[in-house]
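In: predicted model and sequence follow; I will ask about them next.
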Amino acid sequence: MSENKKFHNEWNKNNSLFAFWVGNIDIHQLYRKNVTIEIDKITDRYFEIINEMYNTGARNILILTIFSKWCVSNGNCNDILRFNSKIIKFSEKIFENHPDTNFIIYNTMDKLIEIVSNCEVYKFKDCTKMWKDNKKNNLTDYLWVDSHLTDHGNKILAEDINNLLNSINN
């Protein structure tokens, strides 16, 4: 959508939101010698891309933190927390350099912990087991397919993000 490209005249910094969500499994399964260095490389590149988008005109940016089923279930979160912490620090740095940018950080981890803690309220029959292990049951009864959310889980996040964006807009 950059200059002289399709849609160039149809979007602008005021009417567009750019959302970023790195795959949680990509961070959780870093089986390399130095996970810390790998996370640093990933987040550095992540924000190089966001800076490039800023230079193209992006001003409203939504970043979803990452989560892990294993982290939500048993607290094994070091890599996930490191990644999310770096995302927040980078966002603050970019905002300092570009105060005309709106950065919204959506904490998926906290929302998923809330869902697991209130499983029945969110109309799930099971928030810890994976559907792939229970295929005789209805997929909508589960929060997790395997390492990913079910459609029902994703809809809950989407509704929550929509409510957040509406509250900011008002």
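Out: That came through fine.
In: so how far is the host helix or strand of residue 158 from its chain's centroid?
Out: Residue 158 belongs to helix 151-169 when assigned by DSSP states H and E. Distance of helix 151-169 from its chain centroid, counting by C-alpha atoms, centre = their mean, to the nearest Å, is 12 Å.
In: over to stretch 135-153?
Out: Mean C-alpha position of stretch 135-153 versus that of the full chain (C-alpha atoms, centre = their mean) differs by 18 Å.
In: could you do stretch 44-64 as well?
Out: 14 Å.
In: need the three-state assignment for residue 104.
Out: Of the three states, residue 104 takes strand according to DSSP: H, G, I helix; E, B strand; the rest coil.
In: my guess is it contacts residue 169, does it?
Out: No. In this structure residue 104 lies outside contact range of residue 169 using C-beta atoms under 8 Å: 10.9 Å. The C-beta positions use only the backbone N, C-alpha and C, and glycine is treated the same way.
In: which one's more surrounded, the two?
Out: Set residue 104 next to residue 169 and count neighbours by other C-beta atoms under 10 Å: residue 104 wins out with 16 against 6.
In: just give the nearest non-adjacent residue to the more buried one, would you?
Out: Using C-beta to C-beta, 6 or more residues apart in numbering and skipping the chain neighbours, the partner closest in space to residue 104 is residue 62 (4.7 Å).
In: tell me which element that neighbour is part of?
Out: Residue 62 belongs to strand 60-64 when elements are defined using DSSP H and E.
In: can you list the strands that that strand pairs with?
Out: strand 18-20 (parallel), strand 102-106 (parallel) (DSSP bridges).
In: run the angle between that strand and helix 151-169 for me.
Out: With axes from the mean of the first three to the mean of the last three C-alpha atoms, to 10 degrees applied, the angle from strand 60-64 to helix 151-169 works out at 140 degrees.
In: state the mean pLDDT of strand 60-64.
Out: Summarised as a single mean, pLDDT over strand 60-64 is 92.
In: go on, stretch 4-17?
Out: Mean predicted confidence for stretch 4-17 is 75.
In: residues contacting the residue lying closest to residue 91 once chain neighbours are set aside?
Out: Closest residue in space to residue 91, ignoring its immediate chain neighbours: residue 103 at 4.7 Å, by C-beta to C-beta, 6+ apart. Listed by C-beta atoms under 8 Å, 6 or more residues apart in numbering, the contact set of residue 103 reads 61, 63, 91-92, 94-95.
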